[in-house]
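Colleague: fold the following and give me the result.
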Amino acid sequence: QLVRAVSKRFPDLALTLHFHNTRGMGLANVLAGLAAGVVRFEGCLGGLGGCPFAPGATGNVCTEDVVHMLQCMGYDMGVDLDRLLAASRRLGEIVGHELPGQVVKAGKSSDLHPPPAELEPTLSR
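Modeller: Down below sits the predicted model:
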């Protein structure tokens, strides 16, 4: 509602939304933003981040999870998800602990469950 109200009041303003993944709602917030007409979102590799002033804030929405979700929905952002996942794995090594992203742990859904051949043209829009 807030995004729609701001967009209505300032129609020439290109909004960018920034979400944290507290309570696991980051991807849901991205979907809500899309439904409200927003096309730019901030995320963080590996979901790193957070806010020292917000108790319980668990980090930012994970860039690779957002890219994976949007690619599964048919969006082409020109992002090489395999390279992004490799960077996320390397980042985990650098910081020395497991990162909260889901796709880096579970793998891309297309690798695990490829779409039926008859749906392939539909998914490559």
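
Colleague: those strands in this structure, which residues are they?
Modeller: Using DSSP state E, the strands of the chain run over 16-18, 40-42.

Colleague: now for the last one, which elements pack on it?
Modeller: I take that to be strand 40-42. Contact here means 3 or more CB pairs under 8 Å, 6 or more residues apart in numbering; DSSP states H and E; on that basis strand 40-42 packs against strand 16-18. Backbone N, C-alpha and C define where each C-beta goes, glycine included.

Colleague: which residues does the residue lying closest to residue 40 once chain neighbours are set aside contact?
Modeller: Closest residue to residue 40 apart from its sequence neighbours, by CB to CB, 6 or more residues apart in numbering: residue 16 at 4.1 Å. Listed by CB atoms under 8 Å, 6 or more residues apart in numbering, the contact partners of residue 16 are 38, 40, 41, 42.

Colleague: state the distance from residue 16 to residue 85.
Modeller: Residue 16 sits at a distance of 23 Å from residue 85 (criterion: CB to CB, to the nearest Å).

Colleague: what's the answer for residue 25, then?
Modeller: Distance from residue 25 to residue 85, by CB to CB: 22 Å.
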